[in-house]
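**Q** Build me a model:
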Amino acid sequence: MTTLTTRLFTRPETRRWAITGLAVLASLAVLVVVVAALGANPARAATSLLRGALGSRFGLGETLTIASVLMLTGLAAAIPFRAGLWNIGGEGQMYAGAVATTAVAFGLPAGVPHAVHVLACLAAGVVGGALWGLVPGLLKVRFGANEVITTLMLVYVAIYLVDGGISHWWPSRAQTTPPIPESATPATILAGMSVTWASLAAVLAVPLAWFVLFRTHLGFEIRATGDNVRAAQLAGIEPPRVRVLAFVIGGAFGGAAGAIAVIAISQALVSNFSGSFGYIGIAVALMARLHPAWMVGSALLFSVLRVGANQMQVSTGLDPSSGDLLVAVFVLTLMAFHVIRVKQLDSMRR
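**A** I've put the predicted structure just below:
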């Protein structure tokens, strides 16, 4: 038994995840200190945070729904990262997917079967995000444009695209379109919870991403390109083609997140709807060490912090911006413990 235990904890992968677990606990301890510094009772804050995120059917439904979105934005970042590219534009890919979803939601004629309408909306979001990811990919391989800059700038273009859609294509009096047709909204899975079949589809995207990365030739090319471009070229791989495809796949996941935001969360296209989920997805991906298998747990943890913070603010009287502050402190602390690292070369190897 001792030999087996020693073997398990001397394996690099096991040791790495044990260190990650300890770092997460240490990060939560730092959050306790921050809450106390803000003038709130840490025990009461923690209790209300967990109660808000997990203590009711409504709260649990919100947590699972937001987690499904973060899984997708995490994958949107992780796939290009695996190819050695920084995709900072998950937010923009979400917005592009949301616009495409809204266009299909309002554009299909009345009487379309419910399942067909919902699937068409999801497909439109995937295509919209993929096309938005194609742009920085082509700019990278054709002109050598820095993908950090191009993906970030495209976020603002996509935001104006959403605002233009609300103002001109589907106008209403508020900063939102009219509600999308009922046939475009997915049904909930359980009564009293906001989790829909669309969120379940997001969960299925995780094993799909794992299969693509580790069981297909394209996935091997993506990982090989990210590990060593020169070696990939010597092996007959075309890094420019792989990089474009990695951006397209990442954008598709980001667009799917935008689709869920429209048809399953707000049931309309809303200005500034994302809640920075595209940016949080970067932290989700890095905490999961760019591996789809760990994306679910990472997304759930960030979702609990995000959803539970609302109840915590009400119970403790903290400023409404304290929820975002806690997420930021959590990310920075994980970076300090090297759980989230800018250089993920070790993590990009299975």
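**Q** Name the nearest residue to the residue most central in space within the chain, ignoring sequence neighbours.
**A** Centroid check for the chain by Cα atoms, centre = their mean gives residue 73 as the closest residue, at 2.1 Å. Using Cβ to Cβ, 6 or more residues apart in numbering and skipping residues adjacent in sequence, the residue nearest residue 73 is residue 281, 2.6 Å away. C-beta coordinates here come from the backbone N, C-alpha and C atoms, glycine included.
**Q** residue contacts, the residue nearest to the centre of the chain?
**A** 90, 94, 253-254, 257, 277-278, 280-282, 284 (Cβ atoms under 8 Å, 6 or more residues apart in numbering).
**Q** before we move on, back to that, pretty sure the residue nearest to residue 73 contacts residue 81?
**A** No: the criterion here is Cβ atoms under 8 Å, and residue 281 misses it with residue 81 at 11.0 Å.
**Q** Between the two, tell me which one has more neighbours.
**A** Using other Cβ atoms under 10 Å, the more surrounded residue of residue 281 and residue 81 is residue 281, with 33 against 22.
**Q** Check which helix or strand that one maps to.
**A** helix 277-287 (DSSP states H and E).
**Q** Can you tell me which helices and strands that helix packs against?
**A** helix 57-82, helix 90-107, helix 239-260, helix 295-316, helix 322-336 (3 or more Cβ pairs under 8 Å, 6 or more residues apart in numbering; DSSP states H and E).
**Q** Send me it as PDB with only the CA atoms.
**A** Taking Å, rounded to 0.1, in the frame of the first residue of the first chain, the C-alpha atoms of helix 277-287 are listed here in PDB:
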ATOM      1  CA  PHE A 277     -17.400  35.500 -19.700                       C
ATOM      2  CA  GLY A 278     -15.100  35.600 -22.700                       C
ATOM      3  CA  TYR A 279     -12.300  37.000 -20.600                       C
ATOM      4  CA  ILE A 280     -13.000  34.700 -17.700                       C
ATOM      5  CA  GLY A 281     -12.800  31.800 -20.100                       C
ATOM      6  CA  ILE A 282      -9.100  32.500 -20.500                       C
ATOM      7  CA  ALA A 283      -8.600  31.900 -16.800                       C
ATOM      8  CA  VAL A 284     -10.800  28.900 -16.900                       C
ATOM      9  CA  ALA A 285      -8.700  27.400 -19.700                       C
ATOM     10  CA  LEU A 286      -5.400  28.200 -18.000                       C
ATOM     11  CA  MET A 287      -6.500  26.800 -14.600                       C
END
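**Q** which residues touch that helix?
**A** Against helix 277-287 from outside (Cβ under 8 Å, 6+ apart): 20, 66, 69-78, 81, 87-94, 155, 254, 257, 261, 294-295, 298-299, 301-302, 306, 327, 331, 334, 339-341, 344, 347.
**Q** Could you check the longest helix anywhere in the chain and say which residues are buried?
**A** Criterion DSSP state H: the longest helix present in the chain is helix 114-143. Neighbour-count burial for helix 114-143, counted by 16 or more other Cβ atoms under 10 Å, picks out 117-118, 120-141.
**Q** Let's see the pLDDT reported for the nearest residue to residue 300 once chain neighbours are set aside.
**A** Nearest in space to residue 300, with sequence neighbours left out and distances taken as Cβ to Cβ, 6+ apart, is residue 67 at 4.8 Å. Residue 67 is assigned a predicted lDDT (pLDDT) of 95.
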